[in-house]
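>>> Structure for this input, please:
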Amino acid sequence: MKLRKITSLTAFLLLLATSIILYIAPQGRVAYWADWRLLSLDKTQWGAIHINMGLLFLVSIGLHIYYNWNALLTYLKDNTRHLKIWTPEFNAAFGLTALILVGTLASVPPFKWPLVFNAHLKDAAAVQYGEPPYGHAELSRLDHFTRKTGLALPEALAALKAAGIRLDSDQATLQVIARENGRSPQAIYQIMQGAQASALAQGMPREAPPGTGQKTLAALCQAYALPEADVVQVLQDSGLQVSPELTLKEIGAKNGVRPMEIYDAIYQAAAVTGMKTP
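Predicted structure coming up:
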């Protein structure tokens, strides 16, 4: 057996596999919140494997250069056997690399297509698995989390206990509680939500939570107990073309504005409809 062949094949195959997996994996905030896994490994573990396989691949490249140094020098020689960097082959390789680099940075077809498809996969995963109420919510202590999300801590603790969730203290993070009970942070949150007052008691947050752009206007109104018809009317009166079944992202595109501007307009409309806001 030859070391360079073993190293090259192992590194290449695993690096290819982890690259594909991380390409299709949800965004970090979604993956950590829903405890996304593939083959029993979470996104952090796949990322760690990818990094180490990348390092192994660099080692294999070094070995490849070492064992094939004379052959590589031959590629850089002209017909007179003189060393020449800018050979036709080198120029072609350099040109192809430069083309991909410039095309990617300029975001033009066909170089942007893999990025667009990747964004589509991430958005679809966010819809499928759900978004956290705020970034890295799973790392928040339970007492801080309930305060930020407007949940009453005593009722939340009672709901968790009734569901058979074990926890030593409300100082533990959602991530720790979830792992110790074989659940996702999202599942822990859903248990607590079931015992809490509706979002009306807390009010619509001034800053849009992550993933808000993927929610339909109807779903947003339902989440914050807003009268849908009144919100639609207020938005239409402000000159916006809206429809309850459209997402905020779609409404924004239809009106030539950012989704967060639509959210801000809804926040302002909430005051008109009698919604309590912070």
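>>> I'd say residue 146 and residue 160 touch.
No: using C-beta atoms under 8 Å, residue 146 is not in contact with residue 160, being 10.7 Å away. (Each C-beta comes from the backbone N, C-alpha and C, glycine too.)
>>> Need the residues touching each of the two.
residue 192 (C-beta atoms under 8 Å, 6 or more residues apart in numbering).
>>> residue ranges for the strands of the chain, please.
Using DSSP state E, the strands found in the chain span residues 37-38, 41-42.
>>> who touches the last one?
Residues from elsewhere that reach strand 41-42, judged by C-beta under 8 Å, 6+ apart: 31, 32, 35, 36, 49.
>>> Show me which pair in those is furthest apart.
Distance extremes for the contacts of strand 41-42: the farthest pair is 35 and 49 at 17.8 Å, using C-beta to C-beta.
>>> which residues of the stretch 101-250 of the chain score low on pLDDT?
Applying pLDDT under 70 to the stretch 101-250 of the chain flags residues 195-203.
>>> and with 90 instead?
123, 125-131, 133-136, 146-156, 158-159, 162, 168-170, 190, 192-216, 218-239 (pLDDT under 90).
>>> show me the contacts for residue 248.
212, 213, 214, 215, 216, 217, 220, 259, 262, 263.
>>> Tell me where the stretch 51-200 of the chain has helices.
69-75, 88-106, 113-129, 142-149, 153-162, 174-180, 185-193, 199-202 (DSSP state H, counting those that start in this stretch).
>>> now the ones you listed in CSV, with mean neighbour count and distance to residue 53?
Below are the helices of the stretch 51-200 of the chain laid out as CSV (neighbours: other C-beta atoms under 10 Å; distance: least, C-beta to C-beta, whole Å):
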stretch, mean neighbour count, distance to residue 53
helix 69-75, 10, 24
helix 88-106, 11, 22
helix 113-129, 14, 20
helix 142-149, 19, 35
helix 153-162, 16, 39
helix 174-180, 19, 25
helix 185-193, 20, 28
helix 199-202, 15, 44
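>>> Next, the buried residues of stretch 163-174.
By neighbour count with 16 or more other C-beta atoms under 10 Å, stretch 163-174 contains the buried residues 163, 165, 167, 170, 173, 174.
>>> Pull the contacting residues for the fourth one.
I take that to be residue 170. Taking C-beta under 8 Å, 6+ apart, one finds 141, 142, 143, 153, 157 in contact with residue 170.
>>> Enumerate every residue touching the fourth one.
Translated: residue 153. By C-beta under 8 Å, 6+ apart, the contact set of residue 153 is 142, 143, 146, 147, 170.
>>> Dump stretch 89-108 to PDB, restricted to CA.
Extracted C-alpha coordinates of stretch 89-108, given in PDB (Å, rounded to 0.1, in the frame of the first residue of the first chain):
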ATOM      1  CA  GLU A  89      -1.500  24.800 -19.500                       C
ATOM      2  CA  PHE A  90      -0.700  27.100 -16.600                       C
ATOM      3  CA  ASN A  91      -2.400  30.000 -18.400                       C
ATOM      4  CA  ALA A  92      -5.500  27.900 -18.900                       C
ATOM      5  CA  ALA A  93      -5.600  26.900 -15.200                       C
ATOM      6  CA  PHE A  94      -5.000  30.400 -14.000                       C
ATOM      7  CA  GLY A  95      -7.600  31.800 -16.400                       C
ATOM      8  CA  LEU A  96     -10.200  29.300 -15.300                       C
ATOM      9  CA  THR A  97      -9.500  30.100 -11.600                       C
ATOM     10  CA  ALA A  98      -9.700  33.800 -12.200                       C
ATOM     11  CA  LEU A  99     -12.900  33.500 -14.200                       C
ATOM     12  CA  ILE A 100     -14.600  31.500 -11.400                       C
ATOM     13  CA  LEU A 101     -13.400  34.000  -8.800                       C
ATOM     14  CA  VAL A 102     -14.500  37.100 -10.700                       C
ATOM     15  CA  GLY A 103     -17.800  35.500 -11.700                       C
ATOM     16  CA  THR A 104     -18.600  34.500  -8.200                       C
ATOM     17  CA  LEU A 105     -17.800  38.000  -6.700                       C
ATOM     18  CA  ALA A 106     -19.800  39.700  -9.500                       C
ATOM     19  CA  SER A 107     -22.700  37.300  -8.800                       C
ATOM     20  CA  VAL A 108     -23.400  36.600 -12.500                       C
END
